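A.B. asks: give me a model of this one.
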Amino acid sequence: MTEDSLRALLQSVRSQDRSVDEAIARLRSMPFEDLGFAKVDHHRAIRCGFPEVIYCEGKTTDQVAEIFDCCARTGANLLATRASKEIHDAISQSHPNAQYHEMARAITLRQRDAVPSAGTIAIVSAGTSDLPVAEEARVTAEIMDQRTNCFYDVGVAGIHRLLAYSEALQAANVLVVVAGMEGALPSVVGGLVDCPVIAVPTSVGYGASFGGLAALLAMLNSCASGVTVVNIDNGFGAGYTASLINRRSRPESM
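C.D. replies: Coordinates of the predicted model:
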């Protein structure tokens with residue numbers, strides 16, 4: 001249940017369109033609903049501004065589908081990450097409007113009208129191989145009603161590609177910068193803009209990259225003051241954090 005839906009429920013009781021007993025029945029599953037194998041947090045949207053996100057890896061298809069059904073009953077927008085096409089096929093039987101984003105491995109269901117943000121989140125990737133993580137960040141931000149602008153394959157190996165978009169990058173309120181290999185791109189971007197840069201190391205790279213550890217350590221040691229770092233391949237975490245920052249951006253800066 002979102003804050004808006006809770007407000008509407010209380011107003012319906014005040015206007016006598018709904019009985020107190022009906023409202024109690026509606027709230028009975030609050031603050032969480034126990035499915036046996038999962039406790040679905042229906043208060044998450046009220047506390048954090050977006051409903052609980054379903055992480056699909058490690059869960060069976062039936063488990064994800066049941067959790068998705070439970071969350072969908074609130075009428076909120078939904079996001080499921082690290083999802084397979086098989087899981088989407090199962091969900092779409094009950095929710096035909098659920099959309100599968102193959103590159104991001106994510107499922108979204110929009111049940112509320114979009115209210116696009118005034119400010120923009122820039123999603124920047126070093127190489128084409130980083131796109132799955134960058135797309136996970138984009139899909140996350142957009143289901144949270146954030147405007148995004150994507151700049152893909154602009155890594156430091158051909159830095160003129162990045163510099164060609166300097167003006168557009170500087171217009172963003174927050175940037176998500178995704179890179180593998182040596183992970184240098186966030187430091188370069190951080191030296192070009194005056195807004196937060198969320199760096200995402202990816203597991204892309206040759207053997208000495210240690211599955212993204214080299215990029216992670218490079219980003220943690222960035223000399224660019226505005227750079228913060230999420231974990232390896234965590235496009236979701238970066239997109240979510242960027243959305244929270246963008247929501248609080250000053251109107252005069254947009």
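A.B. asks: ok, which stretches of the stretch 151-254 of the chain are helices?
C.D. replies: For the stretch 151-254 of the chain, applying DSSP state H, counting those that start in this stretch gives helices covering 159-163, 166-170, 185-190, 213-220, 235-247.
A.B. asks: report the buried residues of the last one.
C.D. replies: Neighbour-count burial for helix 235-247, with 16 or more other Cβ atoms under 10 Å as criterion, is recorded at 235-243, 245-246. Backbone N, C-alpha and C define where each C-beta goes, glycine included.
A.B. asks: circling back: so which of the helices of the stretch 151-254 of the chain comes closest to residue 49?
C.D. replies: Between residue 49 and these, the shortest separation by Cβ to Cβ is 7.1 Å, and it involves helix 235-247.
A.B. asks: for residue 16, give me the pLDDT.
C.D. replies: According to the prediction, residue 16 has pLDDT 83.
A.B. asks: again with residue 133
C.D. replies: The predicted local confidence for residue 133 is 97.
A.B. asks: any idea how far it is from residue 236?
C.D. replies: Counting by Cβ to Cβ, to the nearest Å, the separation of residue 133 from residue 236 is 9 Å.
A.B. asks: repeat that for residue 56.
C.D. replies: When Cβ to Cβ is the yardstick, residue 56 and residue 236 sit 11 Å from each other.
A.B. asks: which residues do those two both contact?
C.D. replies: When Cβ atoms under 8 Å, 6 or more residues apart in numbering defines a contact, the residues bordering residue 56 and residue 236 alike are residue 81.
A.B. asks: which residues in the stretch 51-200 of the chain form strands?
C.D. replies: 54-55, 78-81, 99-101, 106-109, 120-125, 147-151, 174-179, 197-201 (DSSP state E, counting those that start in this stretch).
A.B. asks: of those strands, which is nearest residue 67?
C.D. replies: Shortest separation from residue 67 across the strands of the stretch 51-200 of the chain is recorded for strand 54-55, at 5.5 Å, computed as Cβ to Cβ.
A.B. asks: quick one, phi/psi of the closest residue to residue 23 other than its chain neighbours?
C.D. replies: Counting by Cβ to Cβ, 6 or more residues apart in numbering, residue 23 lies nearest to residue 13, which is 5.0 Å off, once chain neighbours are set aside. Backbone dihedrals for residue 13, given as degrees, to the nearest 10, come out at phi -70, psi -40.
A.B. asks: assumed residue 40 was part of a strand.
C.D. replies: Yes - secondary structure of residue 40 (DSSP: H, G, I helix; E, B strand; the rest coil): part of a strand.
A.B. asks: pretty sure it contacts residue 71?
C.D. replies: Yes - the pair formed by residue 40 and residue 71 meets the contact definition of Cβ atoms under 8 Å, at 6.3 Å.
A.B. asks: which neighbours do the two have in common?
C.D. replies: Residues within reach of residue 40 and of residue 71 at once, by Cβ under 8 Å, 6+ apart, are residue 52.
A.B. asks: who's more crowded, these two?
C.D. replies: residue 71 (25 against 22; other Cβ atoms under 10 Å).
A.B. asks: quick one: the more buried one from residue 95, how far?
C.D. replies: Relative to residue 95, residue 71 is positioned 10 Å away (criterion: Cβ to Cβ).
A.B. asks: cool, residue 87 as well?
C.D. replies: If you measure residue 87 against residue 95 using Cβ to Cβ, the figure is 12 Å.
A.B. asks: just to revisit the earlier point, save the strands of the stretch 51-200 of the chain as CSV, and put in mean pLDDT too.
C.D. replies: Compiled in CSV, the strands of the stretch 51-200 of the chain are given as follows (pLDDT from 0 to 100):
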stretch, mean pLDDT
strand 54-55, 94
strand 78-81, 96
strand 99-101, 96
strand 106-109, 96
strand 120-125, 97
strand 147-151, 96
strand 174-179, 98
strand 197-201, 98
